[in-house]
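Participant: sequence unknown, structure follows:
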């Protein structure tokens, strides 16, 4: 896995790129990070994507060296972009463009997956009609994009959701399904029982915050992802 610097609006961002073994050219899966910024969790997900036979490019929407280690730091990094979705979408588009420029990537075959805040990010890529065949949100945030009040979504959409996620309530779930229908999207929603937020994040174990790893939901959701990507590519 190699670090890749790229620029958006003159600002430097640092992604990570991983090619699958034994393939000269492969589709690329963009990975959008959780609220703490690009780190070990995203690198682990990139390795899993590469094992499926696809290139993986973990993007960065905060900026090189900007990472959070506490709840307060994470919120300070994430909240301004949740409030300014046009800026977030610009940074996502920049990461997608960088991914497509990597050696060995088929630029016509791209998808995006995201975790927690990254789930919101990839749904915004679909809302903004960025050039991806599909997006997959894992324990993502479902808040709609205020700058795109009536999106038309052409990318296929997969949502993997923990039913007891305190950051995406049953009301939020119903709202996003109505949004997807209104947008004309080809969407799927898989709900995992006994699961909270961060169910794919190794080591997550904070029941008070509702962020708890669940091995069964992790495995099942990635089996769903593998089928989804095979359909896209």
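Facilitator: Yep, that arrived. It should be emphasised that the depicted structure is a prediction, and the values quoted were computed from it without experimental measurement.
Participant: Could you count how many residues lie near the closest residue in space to residue 188 that isn't next to it in sequence?
Facilitator: Nearest non-adjacent residue to residue 188, counting by C-beta to C-beta, 6 or more residues apart in numbering: residue 158, 5.0 Å away. (C-beta placed from N, C-alpha, C; glycine too.) Residue 158: 25 surrounding residues under other C-beta atoms under 10 Å.
Participant: following the helix or strand harbouring residue 158, which helix or strand comes up?
Facilitator: Element membership for residue 158, per DSSP states H and E: strand 156-162. Per DSSP H and E, the first helix or strand lying C-terminal to strand 156-162 is helix 170-182.
Participant: can you state the direction angle for that following helix and strand 156-162?
Facilitator: Orientation check (axes from the mean of the first three to the mean of the last three C-alpha atoms, to 10 degrees): helix 170-182 against strand 156-162 gives 170 degrees.
Participant: Downstream of helix 170-182, the next helix or strand is which one?
Facilitator: strand 187-192.
Participant: any idea which element residue 13 lies in?
Facilitator: According to DSSP H and E, residue 13 maps onto strand 11-18.
Participant: So for that strand, mean pLDDT?
Facilitator: For strand 11-18, mean pLDDT is 97.
Participant: Can you show me the strands along this structure?
Facilitator: Along the chain, the segments classed as strands by DSSP state E run 2-8, 11-18, 26-32, 55-58, 105-115, 134-138, 156-162, 187-192, 205-206, 211-212.
Participant: Which elements pack onto the strand holding residue 13?
Facilitator: Contact analysis of strand 11-18 by 3 or more C-beta pairs under 8 Å, 6 or more residues apart in numbering; DSSP states H and E lists strand 2-8, helix 40-51, strand 55-58, helix 85-100 as its packing neighbours.
Participant: wait, what's in contact with the residue nearest to residue 188?
Facilitator: Residues in contact with residue 158, defined by C-beta atoms under 8 Å, 6 or more residues apart in numbering, are 134-137, 187-188, 190, 224-225, 228.
Participant: Closest one to residue 67 out of these, please.
Facilitator: Taking C-beta to C-beta as the measure, residue 67 lies nearest residue 137 of those, at 21.7 Å.
Participant: List the residues that contact the closest one.
Facilitator: By C-beta under 8 Å, 6+ apart, the contact list for residue 137 reads 113-114, 118-120, 122-123, 157-161.
Participant: Now restrict the residues you listed to buried residues only.
Facilitator: Listed as buried from the contacts of residue 137 are 113-114, 118-120, 122-123, 157-161; burial here means 16 or more other C-beta atoms under 10 Å.
Participant: In TSV: the residues you listed, plus pLDDT and distance to residue 95.
Facilitator: Shown next, in TSV, are these (pLDDT from 0 to 100; distance: C-beta to C-beta, whole Å):
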residue	pLDDT	distance to residue 95
113	98	13
114	98	11
118	98	11
119	98	15
120	98	14
122	98	11
123	98	15
157	98	19
158	98	19
159	98	21
160	98	21
161	98	24
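Participant: Go through the strand holding residue 13 and flag the buried ones.
Facilitator: 13-18.
Participant: do the same with stretch 191-205
Facilitator: For stretch 191-205, burial by neighbour count (16+ other C-beta under 10 Å) applies to 192, 195-201, 204.
Participant: Make JSON lines from these and add pLDDT to it.
Facilitator: As requested, the buried residues of stretch 191-205 are exported to JSON lines (pLDDT from 0 to 100):
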{"residue": "192", "pLDDT": "98"}
{"residue": "195", "pLDDT": "97"}
{"residue": "196", "pLDDT": "97"}
{"residue": "197", "pLDDT": "97"}
{"residue": "198", "pLDDT": "97"}
{"residue": "199", "pLDDT": "98"}
{"residue": "200", "pLDDT": "97"}
{"residue": "201", "pLDDT": "95"}
{"residue": "204", "pLDDT": "95"}
